[in-house]
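Enquirer: here's a sequence, model it:
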Amino acid sequence: MDYQYGRRGNGVEKKMNSTVAWRAGTSVVKENNKEYRIEKDSIGEKKIPAYAYYGIQTLRAAENFKITGLNMHPDLLNNVIIIKKAAAITNNEIGLLNKEKTDAIVKACDKILNEKLYKDFIVDPIQGGAGTSLNMNVNEVVANIAIELLGGNKGDYSIINPLDDVNLGQSTNDVIPTAGKMTTIILLDKLVKELHRLEEALLVKAKEFDDVIKMGRTQLQDAVPIRLGQEFKAYASAVRRNIKQIEKSKEDMFEVDLGGTAIGTAINVNKEYLKRIVPNLNKVTGLEFSQADDLIDATQHMDAFVSVSGSVKSCAVALSKIASDLRLLSSGPRTGLGEINLPAKQNGSSIMPGKVNPVIPEVVNQVAFNVIGNDVSIALAAQSGQLELNAFGPIILYNLFQSIDTLTFVVETFIDNCIVGITANKEKCRNDVDNSISVVTVIAPIVGYDKASEIAKRAQNENRSVKEIILEENILTKEEIKQLLDPIKMTEPQ
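Expert: Residues are numbered from 1 along each chain as shown. Got it, this is the predicted structure:
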């Protein structure tokens, strides 16, 4: 399909089966009743849908990176836009951007944020170029909205230029990592909120089950008695510990390399901009970011994200272990452990009527497996950075956000569709304790390990209780047995 430029102005020129129209500052070509504007970059020209707020750089990226088929994370988009807003304010303060352009850019950013105008952000989350495609997508959309606010036509970059104005004082290499850290903070806060809910739900169950005595198990074999409430309290403690680890790892997200531009040397950055950009970001966000002391280091290395991923992975591992425990404790219900009942949420089989599976703990396990895999990818991507930049930021952010989001969502369903509805089979738990041979452990300090082993072996071989053997051999009196073999007492230091 041929088309050609004419002189700027109003006019119409026909070329083959197309019509090229000229609007102030832009050219529009019609094909099959659809309008396109023509944009040009250092590589060449492309037709951009006339309605689109994105431009040529975005379209090239969308064509190059058809990877996941997913949209960019909305929180990441928001934070890149917030950085553009803070940069415009800063550039105006130091006299590099006039008030008219600044107001238009700021209003464009606010319009996108308030109205959630995401349809023109079309680049894939996984992309080459360290996130340049995302940065350019935002630059172009903000510029074209600002152009329209000033009464111009999309693509007339003489009014607002995506690079010279919207991207002024910035580089992909300081914008995207900073936006990534901002997004990580937001997502971690949501995760921690759900984890606190989970801790509280487990503590409620710990109190409810405090009088339920049952057998503890090591290596899936009978060990010594424990209270079901103690097990649930231990789960709550594990959640609390992981909350602390996540909060600790989050601290490094507040140190950003904004202002460092391409490689951390702050090339093309006004000294006043360098001083003011992070304080202005803080004003816009209401958060307390600090500029890295060594911007070159902060631009080269992504290990802070590795630390966060590690804490999220650690939490996922702990939750997976808890979920697996619940699956075991509820197994059966008649031929397994059957100590607890999980709430029935859906039919468990298309062939076995009445079967109900532990689907909520199962999905916790699956999310954990995925988080662990994501953590490996993040570690590989972080260590693969070369010299002054890590080009693999997009896959780090994609996997990290997925890990945090999915863990947040699965914790929510774990609480609401599983934990709060768990009930205990108190009699079953008590009967297992009474029939257990492992209670002989408590008399080992009195009669010696070898004698205790002999009693346990007899009880096993003769299918009798430990109490019966002890009485028969006159090792202890009934009162001593009552005191020593009280399973509740066995669960606390005596």
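Enquirer: when you work out contacts or count neighbours from here on, use the C-alpha atoms and nothing else.
Expert: Noted.
Enquirer: what segments of the chain are strands?
Expert: With DSSP state E as the criterion, the chain has strands at 11-15, 18-23, 26-31, 34-40, 45-49, 213-218, 221-227, 255-256, 290-291, 340-341, 423-424.
Enquirer: out of those strands, which comes closest to Ile488?
Expert: strand 213-218 (6.6 Å; CA to CA).
Enquirer: and that closest one, what does it pack against?
Expert: On a contact count with 3 or more CA pairs under 8 Å, 6 or more residues apart in numbering; DSSP states H and E, strand 213-218 meets strand 221-227, helix 426-434.
Enquirer: for Lys181, find the nearest of those.
Expert: strand 221-227 (42.7 Å).
Enquirer: please parse this protein into its domains.
Expert: 1-51, 74-168, 174-426, 437-490 (automatic domain parsing).
Enquirer: most packed of the helices and strands packed on strand 213-218?
Expert: strand 221-227 (a mean of 20; mean count of other CA atoms under 10 Å).
Enquirer: tell me how far the residue nearest the centre of the chain lies from Gln245.
Expert: Centroid-nearest residue in the chain: Ile404, 1.5 Å away (criterion: CA atoms, centre = their mean). Using CA to CA, to the nearest Å, Ile404 is found at 14 Å from Gln245.
Enquirer: what's the overlap in contacts for the two?
Expert: Common contacts of Ile404 and Gln245, defined by CA atoms under 8 Å, 6 or more residues apart in numbering, are absent altogether.
Enquirer: which residues touch Val80?
Expert: Per CA under 8 Å, 6+ apart, neighbours of Val80: 135, 138, 175-176, 179.
Enquirer: now do the lengthiest helix in the chain against strand 221-227, angle only.
Expert: As assigned by DSSP state H, the longest helix anywhere in the chain is helix 172-208. Taking axes from the mean of the first three to the mean of the last three CA atoms, to 10 degrees, one finds helix 172-208 and strand 221-227 inclined to each other by 80 degrees.
Enquirer: and stretch 116-125, end to end?
Expert: 18 Å.
Enquirer: let me know which of the domains of the chain is tucked in deepest.
Expert: domain 74-168 (a mean of 21).
Enquirer: any idea of the mean pLDDT in that one?
Expert: Mean per-residue pLDDT for domain 74-168: 97.
Enquirer: related to what we said a few turns ago, could the strands of the chain go into JSON lines alongside distance to Leu117 and mean pLDDT?
Expert: JSON lines is the format used below for the strands of the chain (distance: least, CA to CA, whole Å; pLDDT from 0 to 100):
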{"stretch": "strand 11-15", "distance to Leu117": "33", "mean pLDDT": "37"}
{"stretch": "strand 18-23", "distance to Leu117": "25", "mean pLDDT": "53"}
{"stretch": "strand 26-31", "distance to Leu117": "23", "mean pLDDT": "80"}
{"stretch": "strand 34-40", "distance to Leu117": "21", "mean pLDDT": "93"}
{"stretch": "strand 45-49", "distance to Leu117": "17", "mean pLDDT": "94"}
{"stretch": "strand 213-218", "distance to Leu117": "55", "mean pLDDT": "94"}
{"stretch": "strand 221-227", "distance to Leu117": "54", "mean pLDDT": "92"}
{"stretch": "strand 255-256", "distance to Leu117": "27", "mean pLDDT": "98"}
{"stretch": "strand 290-291", "distance to Leu117": "29", "mean pLDDT": "98"}
{"stretch": "strand 340-341", "distance to Leu117": "46", "mean pLDDT": "96"}
{"stretch": "strand 423-424", "distance to Leu117": "46", "mean pLDDT": "97"}
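Enquirer: got TSV for the ones you listed, with distance to Val284 too?
Expert: Converted to TSV, the strands of the chain look like this (distance: least, CA to CA, whole Å):
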stretch	distance to Val284
strand 11-15	44
strand 18-23	36
strand 26-31	34
strand 34-40	33
strand 45-49	33
strand 213-218	54
strand 221-227	51
strand 255-256	15
strand 290-291	14
strand 340-341	49
strand 423-424	48
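Enquirer: so for Lys321, which of the ones you listed sits nearest?
Expert: strand 213-218 (14.0 Å).
Enquirer: can you list the strands that that closest one pairs with?
Expert: strand 221-227 (antiparallel) (DSSP bridges).
Enquirer: quick one: contacts of the strand it pairs with?
Expert: Contacts with strand 221-227, where a contact means CA under 8 Å, 6+ apart, come from 209-217, 433, 436, 438-439, 441, 487-488, 490-491.
Enquirer: identify the bridge partners of the spatially closest residue to Pro333 that is not a sequence neighbour.
Expert: Sequence neighbours aside, Asn341 is the residue nearest to Pro333 in space, at 8.0 Å (criterion: CA to CA, 6 or more residues apart in numbering). Applying DSSP bridges to Asn341 gives these bridge partners: Thr423.
Enquirer: distance of Asn341 relative to Val410?
Expert: Taking CA to CA, one finds Asn341 at 20 Å from Val410.
Enquirer: gap between Asn210 and Leu96?
Expert: Check again: residue 210 is Asp, not Asn. Taking CA to CA, one finds Asp210 at 67 Å from Leu96.
Enquirer: same question, Ala108
Expert: Computed as CA to CA, the Ala108 to Leu96 distance reads 19 Å.
Enquirer: now the helices for the stretch 301-450 of the chain?
Expert: Secondary structure of the stretch 301-450 of the chain (DSSP state H, counting those that start in this stretch): helices at 303-329, 359-383, 393-417, 426-434, 444-447, 449-462.
Enquirer: turn the ones you listed into a markdown table, including mean pLDDT.
Expert: Output for the helices of the stretch 301-450 of the chain, formatted as a markdown table (pLDDT from 0 to 100):
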| stretch | mean pLDDT |
| --- | --- |
| helix 303-329 | 98 |
| helix 359-383 | 97 |
| helix 393-417 | 98 |
| helix 426-434 | 93 |
| helix 444-447 | 87 |
| helix 449-462 | 89 |
